[in-house]
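Undergrad: Test case, fold it:
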Amino acid sequence: MDDLLQDIYLLVKKKMHEQGGYDREAYLEFVDETLEYFVEKGKLDPDDNTEFMRTQLAEMWEVMSESLADDEEPQYNFPV
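TA: This next block holds a predicted model:
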C-alpha cells in the first residue's frame, strides 16, 4: 500500500476508535474528512487524484471492518 494511503487508512482507523463509528457510512465519512485534512495540511495537493484515493480506501472497508472486530475482541489468558 502506498505510504500516503496507509497513513490515511491508519488515521481513519484511529478516528473510528475514538469517535465510535463502526459502520461503512462512518468509515466513508472519516475517509472524506481525512482526505480533506491532508489537503489542508499540505500533505496532499488539491490537484492530486483524491477521488481515486477515496475509491481505493472505500474498497478497503472489509479489511477495516475485520480489523476493528479483531481489535475489539477481549484477550483472555486463562491458565490451562
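
Undergrad: Which of the helices or strands spans Y27?
TA: helix 24-40 (DSSP states H and E).

Undergrad: Next, the buried residues of that helix.
TA: Y27, L28, E29, F30, V31, T34, L35, F38 (16 or more other CB atoms under 10 Å). In short, each C-beta sits where N, CA and C put it, glycine included.

Undergrad: what about E66, how many residues close to it?
TA: 10 (other CB atoms under 10 Å).

Undergrad: Can you name the helix or strand that it falls in?
TA: helix 61-72.

Undergrad: so how far is V31 from the residue nearest to P46 when sequence neighbours are not counted?
TA: Using CB to CB, 6 or more residues apart in numbering and skipping residues adjacent in sequence, the residue nearest P46 is V39, 5.7 Å away. Distance, V39 to V31, by CB to CB, to the nearest Å: 13 Å.

Undergrad: now swap in H17 and tell me
TA: Counting by CB to CB, the gap between H17 and V31 amounts to 15 Å.

Undergrad: E40 now?
TA: For E40, the distance to V31 - CB to CB - is 15 Å.

Undergrad: D23 now?
TA: 13 Å.

Undergrad: what's the helix holding Y27 packed up against?
TA: Counting contacts by 3 or more CB pairs under 8 Å, 6 or more residues apart in numbering; DSSP states H and E, helix 24-40 packs against helix 3-19, helix 50-58, helix 61-72.

Undergrad: Can I get stretch 34-51 in PDB? Just the C-alpha atoms.
TA: Output of stretch 34-51 as PDB, limited to C-alpha atoms (Å, rounded to 0.1, in the frame of the first residue of the first chain):
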ATOM      1  CA  THR A  34      -9.200  12.700   6.500                       C
ATOM      2  CA  LEU A  35      -8.600  13.400   2.800                       C
ATOM      3  CA  GLU A  36      -9.700  17.000   3.300                       C
ATOM      4  CA  TYR A  37      -7.400  17.300   6.400                       C
ATOM      5  CA  PHE A  38      -4.400  16.000   4.400                       C
ATOM      6  CA  VAL A  39      -5.200  18.600   1.700                       C
ATOM      7  CA  GLU A  40      -5.500  21.400   4.300                       C
ATOM      8  CA  LYS A  41      -2.200  20.400   5.900                       C
ATOM      9  CA  GLY A  42      -0.400  20.300   2.500                       C
ATOM     10  CA  LYS A  43       0.300  16.500   2.600                       C
ATOM     11  CA  LEU A  44      -2.000  16.200  -0.500                       C
ATOM     12  CA  ASP A  45      -2.200  18.600  -3.300                       C
ATOM     13  CA  PRO A  46      -5.700  19.600  -4.400                       C
ATOM     14  CA  ASP A  47      -4.700  18.500  -7.900                       C
ATOM     15  CA  ASP A  48      -3.900  15.000  -6.600                       C
ATOM     16  CA  ASN A  49      -6.500  12.400  -7.600                       C
ATOM     17  CA  THR A  50      -8.200  12.300  -4.200                       C
ATOM     18  CA  GLU A  51     -11.300  10.700  -5.800                       C
END
